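Visitor: Coordinates for the following, if possible.
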Amino acid sequence: MDWGDLAEMALDQMDRANTVTRAIDDTAIPGETPMLATSARARQEWSNGTLVLTTHRLVYAKEGRPPVAVSLAGITDITATRSRLTGNVLRVVAFSGAYGWENVVRAETFVETLREAVATAITAAANAAQNAGEVSPQRPDGSAILDELARLAVLHRHGALTDDEFIQAKRQLIRG
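Guide: Residues are numbered from 1 along each chain as shown. Got it, this is the predicted structure:
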């Protein structure tokens, strides 16, 4: 490798960063600001993209692919593990589906910040819904909807609920 190859690699990385920035900016929600970013690889892919945590969403962007955005308020479970083969693995379960990324750089910091951001987003969404009179946070039996969603996520994570049972239980809870 010579200096020319090194310069070419640096330009490729800068172009990739610009592509990711454009992808995030093109889909930004008004008032949304970036909080943290890291490199990660979606399953079944050979090269890394970028995971960006914003005030409203978790976005995976990779050159040549449309960005994948997950609403923070819709995230029900976050799991981080370590694998010899794929490095740090991040799994996120949300109302919109299940997502997984491998080879996550600085995973511990990213996961901790993601969990804090999700808690903040869920609280803000619940407060906004309550203030708008859209949703009563209490069920007739006195249990909070968010507490029940958290309980379902724990049961699912520990294998007590299958994916289909988990999805069905969430739908029933949301519909009332």
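Visitor: Identify, by residue count, the longest helix of the chain.
Guide: Looking across the chain with DSSP state H, the single longest helix is helix 107-132.
Visitor: which strands and helices sit next to that one?
Guide: strand 34-42, strand 49-54, strand 75-83, strand 87-94, helix 145-157 (3 or more C-beta pairs under 8 Å, 6 or more residues apart in numbering; DSSP states H and E). The way it works is simple: take the backbone N, C-alpha and C, and place the C-beta from them, glycine included.
Visitor: which stretch of helix or strand covers the most centrally placed residue in the chain?
Guide: What sits nearest the mean C-alpha location of the chain, by C-alpha atoms, centre = their mean, is Leu58, with 4.1 Å. Using DSSP states H and E, the element containing Leu58 is strand 57-61.
Visitor: So for that strand, mean pLDDT?
Guide: For strand 57-61, mean pLDDT rounds to 90.
Visitor: likewise stretch 76-89?
Guide: 90.
Visitor: what distance separates the start and the end of it?
Guide: End-to-end distance for stretch 76-89: 17 Å, by C-alpha to C-alpha, to the nearest Å.
Visitor: quick one: it to chain centroid distance?
Guide: 13 Å (C-alpha atoms, centre = their mean, to the nearest Å).
Visitor: Please apply the same query to stretch 91-106.
Guide: That offset, for stretch 91-106, works out to 6 Å (C-alpha atoms, centre = their mean).
Visitor: got it, and stretch 66-80?
Guide: For stretch 66-80 - counting by C-alpha atoms, centre = their mean - the centre lies 3 Å from the chain centre.
Visitor: Just the buried residues of that stretch, please?
Guide: 67-78, 80 (16 or more other C-beta atoms under 10 Å).
Visitor: Report the angle between the strand holding Leu58 and strand 75-83.
Guide: 50 degrees (axes from the mean of the first three to the mean of the last three C-alpha atoms, to 10 degrees).
Visitor: So which elements touch the helix or strand following strand 57-61?
Guide: Next along the chain after strand 57-61, taking DSSP H and E as the criterion, comes strand 68-71. Secondary-structure packing of strand 68-71 (3+ C-beta pairs under 8 Å, 6+ apart): strand 57-61, strand 87-94.
Visitor: same thing but at 10 Å, please
Guide: strand 49-54, strand 57-61, strand 87-94, strand 97-102, helix 107-132 (3 or more C-beta pairs under 10 Å, 6 or more residues apart in numbering; DSSP states H and E).
Visitor: any idea which of these scores lowest on pLDDT?
Guide: Ranked by mean pLDDT, the helices and strands packed on strand 68-71 bottom out at helix 107-132, with a mean of 83.
Visitor: Figure out how far that one is from the centre of its chain.
Guide: So, by C-alpha atoms, centre = their mean, the centroid of helix 107-132 is 11 Å from its chain's centroid.
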